[in-house]
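[1] Below is the sequence, then the predicted model.
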Amino acid sequence: MSDKEVVRYEKALAEYNITPEKVREMAKEYESLHVVPDDIKSYKAVHAAKMVLTRVRTGVDKRRKELGVDAYAWIKTKDGAAKDLLEPIIPLEDRFKAELSAEDARIEKIETDRVQAIRDKIEEIKNYPIKNINNREASLINALINQLFCLEITPEEYQEFKAEAIQEKEDALALLSQQHADRIKFEQEEAARKAESERLEKVRKEQEAEAARLKVIADEQEAARKAQEMEARKEREAIEEEKIKIQAEKDKIEATKKTEQDRKAMAAFEKEALEKARIRAEQEAKEEAVRKESARIAKEEAEKAEHIRKTALAPDKVKLIAYVEALYGLDFPALKDDKAKSILNNVRDRLVKIREGVKDAVGRL
């Protein structure tokens, strides 16, 4: 560079109202500054230094543009002078920008993580019933309610979101309380259904046992009847054999033409034999009557038990209709007194009305 150019360069520097020495001093002063994480003092110092450097750079750039009306050579010289003037501080400004941006990003991430952690806790409270309610017993739901109720919402933990966390906790407790009530209702209904099922099963087993008992009675009676029939048949055969013997004896007596005394003896023998046969026949008739009556009673008991079984398993409508029909089907006594007959007729009319009324009411069930 010629002396002339040096003079021109120095004049150009003088146009920016700041000396290279001042810039170098500034760069030397700020060079040791660094942003230390979580150190607000270092952050502020670097930020202040960056602002100074930025003002210097923008001031020089502004002055360069203001001087841009001069001749092209001057502009070239001034631009070169501006570049030389700012060269010591440009790297510092860029480093300060990078460190400040990195610290801002780090602080922003810490804040984002802090907020997200609180949000996650609030979301966990919000989803508490949904996460824990499926197929839980009422006692377990009640334990969850107590657990959530004891959850403390502190300002240290939830900070500016404390009010939102409290509201979500109250909403979750309300939902859990409703789920608890619904579960209690379900368990009560389930217990009632189970009790009714057990009652019907007990009735069924009792009816089966009663039917088995009646069958045993019926089988025993049938066996007794067959035994009686066998005995009666044997007795009849014995009587027939006795008659044959009597007839043979009679024929023998007749054949031999015994004396009158023999004929009387024969008559007495026949009379005695016939009397024995009559007594046996009467006994058989009585035993047959007893057998038939026992069979009839057993049949009635079996039919009654079957009716009770069917009635117990029938719906309420059928039970009501069966009851009123049974009441209506009662036999009315035969009365002689006119007043008594009048009362009986009145009762009969009322039973008819009751019967029709019950049928109408059952039809509306």
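    On my side now, so go ahead. Bear in mind that the values here come from a model prediction, so they are computed numbers and not experimental data.

[2] hey, let's count contacts and neighbours off CA atoms from now on
    Will do.

[3] Where does F332 sit: helix, strand or coil?
    coil (DSSP: H, G, I helix; E, B strand; the rest coil).

[4] Where does the closest residue to it other than its chain neighbours fall, secondary structure wise?
    Nearest residue to F332, sequence neighbours excluded (CA to CA, 6 or more residues apart in numbering): L344, at 7.9 Å. Using DSSP states H and E, L344 sits in helix 338-363.

[5] need the contact list for E356.
    Not one residue lies near E356 by CA atoms under 8 Å, 6 or more residues apart in numbering.

[6] And E168, by the same measure?
    122, 125-126.

[7] try 10 Å this time
    With contact set as CA atoms under 10 Å, 6 or more residues apart in numbering, E168 has these partners: 122-128, 162, 174.

[8] Check G329 too.
    Taking CA under 10 Å, 6+ apart, one finds 323, 351 in contact with G329.

[9] Let me know the distance separating it from A238.
    Separation of G329 from A238 (CA to CA, to the nearest Å) stands at 49 Å.

[10] The residue lying closest to L176 once chain neighbours are set aside and I166, how far apart?
    Leaving aside its chain neighbours, L176 sits nearest to P129 (5.8 Å; criterion: CA to CA, 6+ apart). From P129 across to I166, the span is 15 Å (CA to CA).

[11] who's more crowded, these two?
    Comparing P129 with I166 by other CA atoms under 10 Å, the one with more neighbours is P129, at 22 against 18.

[12] Quick check: which element contains A281?
    Counting by DSSP H and E, A281 is part of helix 260-313.

[13] List the buried residues in the next helix or strand after that helix.
    On the C-terminal side of helix 260-313, the closest following helix or strand by DSSP H and E is helix 316-328. For helix 316-328, burial by neighbour count (16 or more other CA atoms under 10 Å) applies to 317, 320-321, 324, 328.

[14] Would you convert those residues into CSV that also reports pLDDT and distance to Q179?
    As requested, those are exported to CSV (pLDDT from 0 to 100; distance: CA to CA, whole Å):
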residue, pLDDT, distance to Q179
K317, 74, 35
L320, 77, 39
I321, 79, 41
V324, 75, 45
Y328, 71, 51
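
[15] now, the most widely separated pair of the residues you listed?
    K317 and Y328 (16.5 Å; CA to CA).
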